[in-house]
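[1] below is the sequence, then the predicted model.
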Amino acid sequence: MDRNGHPGRGERADVARIPYRASAGAPPGAEVLDLAGLLARARGHGLDPYAAKRPAFHELVAVRRGTLRCSLDFSAHTLRAGDWLWVRPGQVHQYDSDLAAAQGTVVLFTPGFLTPATVEAARVDQPVW
């Protein structure tokens, strides 16, 4: 966004920027949920869980059972049992299938949550494009 609240160069107006907001009782900076919990969390924060979003936090998605369709930076992905998806801050992410139809785990964490050594070892701040 520019200083007037308009989309900046390369941004789409229909993609919401989502800050990290801890759920009640969650530790600061990180949260672990199942897919049904992610659905409830989004709705609890007044968000459409199926709308395109640009989160300001990391989102690791691991599917245990079923199929989950989503897009990351406008590229379609189908996740099945054993698949992982890592959404980094600033990427555009959207769920394209029912979150309740698959089983899996989602880990949300802020950019500053990990130690500098972990960030370096995992290459967390490596550019995604």
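    Ah, there it is.
[2] now the helix or strand A117 falls within - C-alpha only, PDB.
    Element membership of A117, judged by DSSP states H and E, is helix 116-122. Only the C-alpha atoms of helix 116-122 are listed here, as PDB (Å, rounded to 0.1, in the frame of the first residue of the first chain):
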ATOM      1  CA  PRO A 116      18.600 -15.800  14.100                       C
ATOM      2  CA  ALA A 117      20.500 -19.100  14.000                       C
ATOM      3  CA  THR A 118      17.300 -20.900  13.000                       C
ATOM      4  CA  VAL A 119      16.400 -18.300  10.400                       C
ATOM      5  CA  GLU A 120      19.900 -18.800   8.800                       C
ATOM      6  CA  ALA A 121      19.900 -22.600   9.000                       C
ATOM      7  CA  ALA A 122      16.300 -22.900   7.500                       C
END
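[3] now it: how far from the chain's centre is it?
    20 Å (CA atoms, centre = their mean, to the nearest Å).
[4] I'd assumed L33 was in contact with A22.
    No - A22 lies out of contact with L33 (CB atoms under 8 Å); the separation is 12.0 Å. Backbone N, C-alpha and C define where each C-beta goes, glycine included.
[5] more neighbours: those two, which one.
    Using other CB atoms under 10 Å as the criterion, A22 and L33 rank with L33 on top: 17 against 13.
[6] skipping its backbone neighbours, what lies nearest that one in space?
    Closest residue in space to L33, ignoring its immediate chain neighbours: V106 at 5.0 Å, by CB to CB, 6 or more residues apart in numbering.
[7] wait, doesn't V63 sit right on L99?
    No - when contacts are counted by CB under 8 Å, V63 is not listed as touching L99 (10.8 Å).
[8] quick one, helices of the protein?
    35-44, 116-122 (DSSP state H).
[9] any chance of CSV for the ones you listed, columns mean pLDDT and mean neighbour count?
    Shown next, in CSV, are these (pLDDT from 0 to 100; neighbours: other CB atoms under 10 Å):
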stretch, mean pLDDT, mean neighbour count
helix 35-44, 91, 16
helix 116-122, 84, 11
